[in-house]
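1. below is the structure, and that's it, no one-letter string:
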């Protein structure tokens, strides 16, 4: 709970290459395995239940920076890639 998600809305305005994703909005509850209660704030009805197939986890800029830092750290050394035998 509390994760931010983008919500698929086929009626949302979009540009030629855009998608119908709106948000981000916080998840405030889980109704069932595939249904979540979303807080839309002041938009239309404040709380709506949406199917998980119409939700996409929103990646914050801070999370993207952490992912980029992970990519900068080496995962193997030269010794790890050496082969002791020849073919």
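-> It's in. This one's a predicted model, so the numbers in the text were calculated from it and none came from an experiment. Numbers count the residues shown, from 1 in each chain.
2. quick one, longest strand in the chain?
-> Identified as the longest strand of the chain according to DSSP state E is strand 21-30.
3. and that strand, what's its mean pLDDT?
-> Regarding strand 21-30, the rounded mean pLDDT is 91.
4. paired strands for that strand, with orientation please.
-> Pairing partners of strand 21-30, with direction, according to DSSP bridges: strand 4-8 (antiparallel), strand 35-39 (antiparallel).
5. for those, give me CSV that also has mean neighbour count, mean pLDDT and distance to residue 28.
-> Every C-beta, even on glycine, is put in place using the N, C-alpha and C of the backbone. Shown next, in CSV, are the strands paired with strand 21-30 (neighbours: other CB atoms under 10 Å; pLDDT from 0 to 100; distance: least, CB to CB, whole Å):
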stretch, mean neighbour count, mean pLDDT, distance to residue 28
strand 4-8, 18, 92, 11
strand 35-39, 17, 92, 5
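6. now those as CSV including distance to residue 58?
-> Below are those laid out as CSV (distance: least, CB to CB, whole Å):
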stretch, distance to residue 58
strand 4-8, 4
strand 35-39, 12
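7. so where's this structure uncertain?
-> 14, 43-45, 63-87 (pLDDT under 70).
8. can you map out the helices along the protein?
-> Under the criterion DSSP state H, the chain contains helices at 61-72, 78-81.
9. quick one on the thing from earlier: out of the strands paired with strand 21-30, flag the one nearest residue 57.
-> For the strands paired with strand 21-30, proximity to residue 57 was assessed by CB to CB; strand 4-8 is nearest, at 5.9 Å.
10. count of neighbours near the closest residue to residue 12 other than its chain neighbours?
-> Leaving aside its chain neighbours, residue 12 sits nearest to residue 20 (4.7 Å; criterion: CB to CB, 6 or more residues apart in numbering). Residue 20 sits with 14 neighbouring residues when counted by other CB atoms under 10 Å.
11. for residue 20, give me its contacts.
-> Counting by CB atoms under 8 Å, 6 or more residues apart in numbering, residue 20 makes contact with 8, 9, 10, 11, 12, 14.
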